[in-house]
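Student: how does the following fold in three dimensions:
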Amino acid sequence: MLFLHGLTGVAEVWQETVDALGGERPRCVAIDQRGHGDSPHAGPYHVRQLVQDALGVARAAEMERPHLVGHSMGARVAMAAAAWRPRAWRSVVMADIGPEAWAQNWRETVTGVDSMPESLTRDEAVAFFTRNRPTPPERLHGYLRRVRETADGRYTWRGSRDAWKAMVRQHRGRDYWAEWEALGDPPALLVHGLKSNELRPAVADEMRRRNARVRYVPVEGIGHNIPLLAPVLLGETLLAFWGA
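Tutor: From the prediction side, this is the model:
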């Protein structure tokens, strides 16, 4: 199983989801995508490059047609990977992303990244991650994995903010409807957090209309960040899909 995180994320955000799969699960590999975490921060950052990165990791790890799971930006990469290289994957799961181009989204995201402080205390990091969202204490550590402690005891981001801005501009600057419509073999699943402001209801409805081969699972009461907000439920959903 190969896991791809979303924009600003790191591989560790999948830990609780992987744990929820149980001890008898197949081998799970979660990666820091380029520009994130401990991976190289050099471009290019377009989706095709990130698909090649995922294929390269699968080859290097000697994974035989792994199940591919992505969230947000990682789900868009997974969507394209399954459309362009369907024989490379046993299945594909996309958590809370749509295929549409969305200029307002990338502009607001770039503005948000520009507003992120370069250096924070731990309390400031906690305040940043919990702003405008109720975050249970047991979920906070999932967000804090996105920062690392520096020698002076402060915290900074695990990744390149310039890379994040370039990625969201490029990825949201074009649509992936053709890729979405191509899905179906291997089996594909869309998981939708119904309180999400990222996968809008009208887009989700259009996705279902334009490709009924993709299984659709709505998640009540959960927003966009499904791997951190509902990891156990996501793990159960994955097991049910893979066992179908």
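
Student: now do the end-to-end distance for stretch 85-93.
Tutor: End-to-end span of stretch 85-93 (Cα to Cα, to the nearest Å): 15 Å.

Student: hey, what's the residue nearest in space to the middle of the chain bridged with?
Tutor: Of all residues in the chain, the one closest to the mean position by Cα atoms, centre = their mean is residue 71, 2.4 Å from it. Residue 71 forms beta bridges with residue 95, as assigned by DSSP bridges.

Student: is it true that it touches residue 227?
Tutor: Yes: using Cβ atoms under 8 Å, residue 71 makes contact with residue 227 at a distance of 5.3 Å. For the C-beta atoms, the positions are set from N, CA and C on the backbone; glycine is no exception.

Student: buried ones in the helix or strand of the chain with the lowest mean pLDDT?
Tutor: Within the chain, no helix or strand scores below helix 137-144, which has a mean of 78 by mean pLDDT, DSSP states H and E. Neighbour counts over helix 137-144 (16 or more other Cβ atoms under 10 Å) mark 139, 142, 143 as buried.

Student: for the chain, just list every one of the strands.
Tutor: With DSSP state E applied, the chain shows strands at 2-4, 29-31, 67-71, 91-95, 147-149, 155-157, 188-193, 215-219, listed in chain order.

Student: next one: residue 75 from residue 47, what distance?
Tutor: 11 Å (Cβ to Cβ, to the nearest Å).

Student: dump the residue contacts of the nearest residue to residue 139 once chain neighbours are set aside.
Tutor: Sequence neighbours aside, residue 228 is the residue nearest to residue 139 in space, at 5.7 Å (criterion: Cβ to Cβ, 6 or more residues apart in numbering). Residue 228 is in contact with 13, 16, 139, 142, 143, counting by Cβ atoms under 8 Å, 6 or more residues apart in numbering.

Student: also residue 29?
Tutor: By Cβ under 8 Å, 6+ apart, the contact list for residue 29 reads 1, 2, 3, 57, 58, 61, 63, 66.

Student: can you get me a residue count around the fourth one?
Tutor: Other residues within reach of residue 57 by the criterion other Cβ atoms under 10 Å amount to 18.

Student: same deal with the first one?
Tutor: Residue neighbour count, defined by other Cβ under 10 Å, stands at 21 for residue 1.

Student: and it, what does it touch?
Tutor: Going by Cβ under 8 Å, 6+ apart, residue 1 touches 18, 21, 25, 26, 27, 28, 29, 66, 67, 68, 69.
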